[in-house]
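A.B. asks: With the input below, show me the fold.
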Amino acid sequence: MRGTAEGRAAIVYTGNAEITEWHYVYKSSRRFETGSAVWASPALAVIAGRPMAFIGGYDQTLHALNLVEKKVVWRKITNGEIQTAPVIGKIDGLDVVFFSSADRTVYAYVAYNGRQSWTKELVPPSPTLGDVHLSSPLVFNNKLYITCFAYDKSLSANKQEAHLFCLDLQTGKIYWKLLLSTGFLSSPVGFIVSGRPHIAVAARRGLLQAIDVSHKIPRRRWSFQMPHEVLGSPVIITDTDSPLLFLGSKYGNLIAIDAARGKERWQRMVGNWIDNTACIGEIDNRKIVFVGSHDYRVYAFDSQTGDILWKTALGGEVFSAPCFFSLNGQPMVAAAALDSHLYIMDARTGEMVNRFFTGNPVWDKVAKGETLWGSPVALEAGNNSALVFGSYSDMVYVLPLVKECSLTSMARSSGTLWFSLLVVLILFVSIILPIILRLPGKSDD
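C.D. replies: Here you go, the predicted structure:
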């Protein structure tokens, strides 16, 4: 979720330190395997006056990066891939980084020095235990919530279970766990309805559930069945009397759901998959929902009516969650696409502002649905504003948005792709197709 319930994924830094371009790479003995994230989405925080990024990936390591001094403050190695974004919360006034690993464990480390606060194993080890997937943690209502899917392959058990866990923020003690599905679960999001705290979680098979967590025993408030598989997490407008949830599906639906009743408010279709999380930004006192699709476009919808305000074509399938932020007072949206580019757009109009070339993948070819993707986050710092992005090229990039950046000069215009496709179509229609039509058919003899 990378930040707020609205998926905003941006922090404000008011210090005077200069943020410059940085390409961070860490060579470990681990080898990348298709199906995992090269780098997961980072989380940003200002720790002891310095902006820092926290990010993990297939190297099984969480990296704490000082964005001003361009150095690693600390690293922590786990026993599994880190596939989701960390979250920064507070324990007794101290900033703490909470994150999960495929080793079935939730970790809590002090943000400024990497001192361990606690660790908690959610699933006991077993020789027949298969895949275990933990979501991004959620710090909400002074507790930590996280989802966990585990697959036991033994003939006797042979069970696939996905639970929502509630943990004590200070000690990691498990208060309760609730079985929600037999498959993958999204990251949880928290909201308040009628004064009561709730958690919303989407199952991969499309079932969105709202859980009332105001009592010692959690209670399901409502459920909503999406029309197709869900690959992202829900986001929510929280600062309103009638909060709205937004969730996209693999079928291309974006649906607004009344968070109090679990009823559809509106539904819109885009041209292809929505395989990541939307984000919500406020422009001129109006909440706007931004979402990327595999039809190469980023969309902006009015949150109350579902009206399309704009859609902008990029140079490839949009795999990342959009990131909404402010650049010197102007609203912006960033998104990454499968043409190995990171794009910056004017959030009011969708007009392209800038683009960065973020390197080729570490594997031979890109096939949608075969791997996991990280998304960009923004540091709002006036003339020192920057994006932080873990690319599938195995680099973590700190990209200044106002100063010169080497990756800008390497970027190709998204219009180049569309022009190339047009040229191919013209050549096919004018040359190849007539030749095919003139070929003699097979004789009936």
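
A.B. asks: Could you list the low-pLDDT ranges of the protein?
C.D. replies: Counting by pLDDT under 70, the ranges of the chain that qualify are 1-3, 35, 155-158, 364-372, 409-425, 427-429, 433, 439-445.

A.B. asks: which stretches of it form helices?
C.D. replies: 406-409, 414-427, 433-438 (DSSP state H).

A.B. asks: show me the contacts for Ala259.
C.D. replies: Taking CB atoms under 8 Å, 6 or more residues apart in numbering, we find Ala259 in contact with Phe191, Val193, His198, Ala200, Ala210, Ile236, Ser242, Pro243, Leu244, Leu245. Placement of C-beta: from N, CA and C, glycine included.

A.B. asks: Can you turn the buried part of those residues into a ChimeraX selection?
C.D. replies: To isolate the buried subset of those in ChimeraX, counting by 16 or more other CB atoms under 10 Å, use the following:
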select :191,193,198,200,210,236,243,244,245
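
A.B. asks: farthest-separated two in the contacts of Ala259?
C.D. replies: Greatest spacing in the contacts of Ala259, by CB to CB: Ala200 and Ser242 (14.8 Å).

A.B. asks: So the nearest residue to Tyr151 once chain neighbours are set aside versus Phe357, what's the distance?
C.D. replies: Nearest residue to Tyr151, sequence neighbours excluded (CB to CB, 6 or more residues apart in numbering): Gly130, at 3.9 Å. Distance, Gly130 to Phe357, by CB to CB, to the nearest Å: 38 Å.

A.B. asks: Among those two, which residue is more densely surrounded?
C.D. replies: The neighbour comparison of Gly130 against Phe357 (other CB atoms under 10 Å) goes to Phe357, with 18 against 11.

A.B. asks: Tell me what that one is bridged to.
C.D. replies: Phe357 has these beta-bridge partners by DSSP bridges: His341.

A.B. asks: my guess is it meets Ser340, correct?
C.D. replies: Yes: contact criterion CB atoms under 8 Å: Phe357 and Ser340 qualify, at 6.2 Å.

A.B. asks: circling back to that earlier point, residue contacts, the residue nearest to Tyr151?
C.D. replies: Ala150, Tyr151, Asp152, Lys153.

A.B. asks: Now, of these, which are buried?
C.D. replies: Buried among the contacts of Gly130 by 16+ other CB under 10 Å: Ala150, Tyr151, Asp152.

A.B. asks: Could you list which of those belong to strands?
C.D. replies: Per DSSP state E, strands hold the following members of the buried ones among the contacts of Gly130: Ala150, Tyr151, Asp152.

A.B. asks: List the single closest residue to Tyr299 in space, sequence neighbours excluded.
C.D. replies: Lys311 (4.8 Å).

A.B. asks: Leu180 against Leu164, yeah?
C.D. replies: Yes: counting by CB under 8 Å, Leu164 is a contact partner of Leu180 at 5.5 Å.

A.B. asks: Quick check: neighbours shared by those two?
C.D. replies: Counting by CB under 8 Å, 6+ apart, the residues touching both Leu180 and Leu164 are Thr147, Val201.

A.B. asks: For Glu22, list each beta-bridge partner.
C.D. replies: One thing to correct before we go on: residue 22 is Trp, not Glu. Applying DSSP bridges, one finds that Trp22 bridges with Val398.

A.B. asks: Please look at it and Pro400 and confirm they touch.
C.D. replies: No: in this structure Trp22 lies outside contact range of Pro400 using CB under 8 Å: 9.3 Å.

A.B. asks: what's Leu437 in contact with, if anything?
C.D. replies: With CB under 8 Å, 6+ apart, Leu437 has no contacts at all.

A.B. asks: distance of it from Ile431?
C.D. replies: Distance, Leu437 to Ile431, using CB to CB: 11 Å.

A.B. asks: Closest to Phe324 out of the contacts of Ala259?
C.D. replies: Among these, and counting by CB to CB, the member closest to Phe324 is Ile236, at 14.5 Å.

A.B. asks: beta partners for that closest one?
C.D. replies: Judged by DSSP bridges, the bridge partners of Ile236 are Leu245.

A.B. asks: List the contacts of it.
C.D. replies: Ile236 is in contact with Ala5, Glu6, Val189, Phe191, Ala200, Pro243, Leu244, Leu245, Phe246, Ala259, Ile280, counting by CB under 8 Å, 6+ apart.

A.B. asks: Serialize these to a markdown table and add fields for distance to Gly56.
C.D. replies: A markdown table is the format used below for those (distance: CB to CB, whole Å):
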| residue | distance to Gly56 |
| --- | --- |
| Ala5 | 22 |
| Glu6 | 23 |
| Val189 | 21 |
| Phe191 | 27 |
| Ala200 | 25 |
| Pro243 | 31 |
| Leu244 | 31 |
| Leu245 | 28 |
| Phe246 | 27 |
| Ala259 | 30 |
| Ile280 | 26 |
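
A.B. asks: Among those, name the ones in strands.
C.D. replies: Among the contacts of Ile236, DSSP E puts Val189, Phe191, Ala200, Leu244, Leu245, Phe246, Ile280 in strands.

A.B. asks: residue contacts, the fifth one?
C.D. replies: Under the criterion of CB under 8 Å, 6+ apart, the contact list for Leu245 reads Val189, Phe191, Ala200, Leu208, Pro234, Val235, Ile236, Ala256, Ile257, Asp258, Ala259.

A.B. asks: With the last one instead?
C.D. replies: If a contact means CB under 8 Å, 6+ apart, then Ile280 has 6-8, 235-237, 246, 287-290, 303, 324 as its contacts.

A.B. asks: burial measure for the nearest residue to Ser393 once chain neighbours are set aside, as a count.
C.D. replies: Here the nearest residue to Ser393 in space, its sequence neighbours aside, is Gly359; by CB to CB, 6+ apart that works out to 2.7 Å. Neighbourhood size, Gly359 [other CB under 10 Å]: 17.

A.B. asks: One more: the one 4 residues further on?
C.D. replies: Trp363 sits with 14 neighbouring residues when counted by other CB under 10 Å.

A.B. asks: and what of Arg220?
C.D. replies: Neighbourhood size, Arg220 [other CB under 10 Å]: 12.

A.B. asks: and the gap between it and Val213?
C.D. replies: Counting by CB to CB, the gap from Arg220 to Val213 is 11 Å.

A.B. asks: Val97 too?
C.D. replies: The gap separating Val97 from Val213 is 23 Å, by CB to CB.

A.B. asks: For the stretch 201-350 of the chain, which segments count as strands?
C.D. replies: 207-212, 219-225, 235-237, 244-248, 253-258, 264-269, 279-283, 286-292, 297-302, 308-313, 323-327, 330-337, 341-346 (DSSP state E, counting those that start in this stretch).

A.B. asks: Can you say which of those strands is nearest to Leu379?
C.D. replies: Closest approach to Leu379 among these (CB to CB): strand 323-327, 8.3 Å.

A.B. asks: Leu208 - how many residues pack around it?
C.D. replies: When neighbours are counted by other CB under 10 Å, Leu208 registers 21.
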